[in-house]
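**Q** 3D model of this:
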Amino acid sequence: MTALLFYPSFDALRLANTLLDEIGKQTPGYEGRVGAAWYWRLPGGILVTARLGYTVTEERWDVLHAQATTPRAGTFSTADFPFAAYATSAASPPFIHDMQGVAEWSNRLYFQMGRLIEDTVQWLGMLHAVAISPQVSPPASFPALSPLERRLVRYALEELEGHFTVKALHQAFRDEISRARLSGLAQAWEAKELLTKRPRRVTYALRLLAEEGGAALP
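**A** From the prediction side, this is the model:
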């Protein structure tokens, strides 16, 4: 017997956009929604997709299914974020009630949306770190950092709150690297998605590369 597939209405997807767009604001690589799924493109060719699903009936779209894939590794990480798990009342779990194309929040006031966003952002951040794993990306995909480059990254993390600001870094390392070379390095790392787009920030992957032995993750 062929299993039937159920999809949320466009109304439910628009309602969920507020949640996913907020996650997208806090994570690099966010592409937005295409059709019935939301997308992220992360370093190392990682594609992340998130979809609304249901756990009880087709009228309850109350779980966010996410997965991460690469051409090399296929699907290597999945995560579910059930709305009910973020309810403040066990007797009134929140969910999107989607009936005949008209959707609305059920018990929205009992929904700890900030907790769900925080957990999803953390999971996406972990994927940035996993991007440099040899099982996910070819070892040649990411550069081996020189001692000076490691110090630049550590300085950005410790003194600039993670911002890779060329002007500030050049002031601190002007005796060791030219402004032009530093700017070129920042552009190269941004192209490899080791830095976020401007304002540039150090990614989890670059942070691990800057640590001794970071390129040899299991």
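**Q** Give me the spatial nearest neighbour of the spatially most central residue of the chain, chain neighbours excluded.
**A** Centre of the chain computed as the mean C-alpha position; nearest residue by Cα atoms, centre = their mean is residue 124, 3.2 Å away. Closest residue to residue 124 apart from its sequence neighbours, by Cβ to Cβ, 6 or more residues apart in numbering: residue 27 at 4.7 Å. The C-beta positions use only the backbone N, C-alpha and C, and glycine is treated the same way.
**Q** tally of neighbours for that neighbour?
**A** Using other Cβ atoms under 10 Å, residue 27 is surrounded by 21 other residues.
**Q** now residue 165
**A** Around residue 165 there are 16 other residues, counting by other Cβ under 10 Å.
**Q** thought residue 63 was touching residue 56?
**A** No: with contacts counted by Cβ atoms under 8 Å, residue 63 stays clear of residue 56, the gap being 9.8 Å.
**Q** quick one: which of these two has more around it?
**A** With neighbours defined as other Cβ under 10 Å, residue 63 and residue 56 compare such that residue 63 has more, 18 against 11.
**Q** wait, what's in contact with the more buried one?
**A** 52-55, 80-83 (Cβ atoms under 8 Å, 6 or more residues apart in numbering).
**Q** Among those residues, show me the least confident.
**A** Note: of the contacts of residue 63, the lowest pLDDT belongs to residue 55, at 79.
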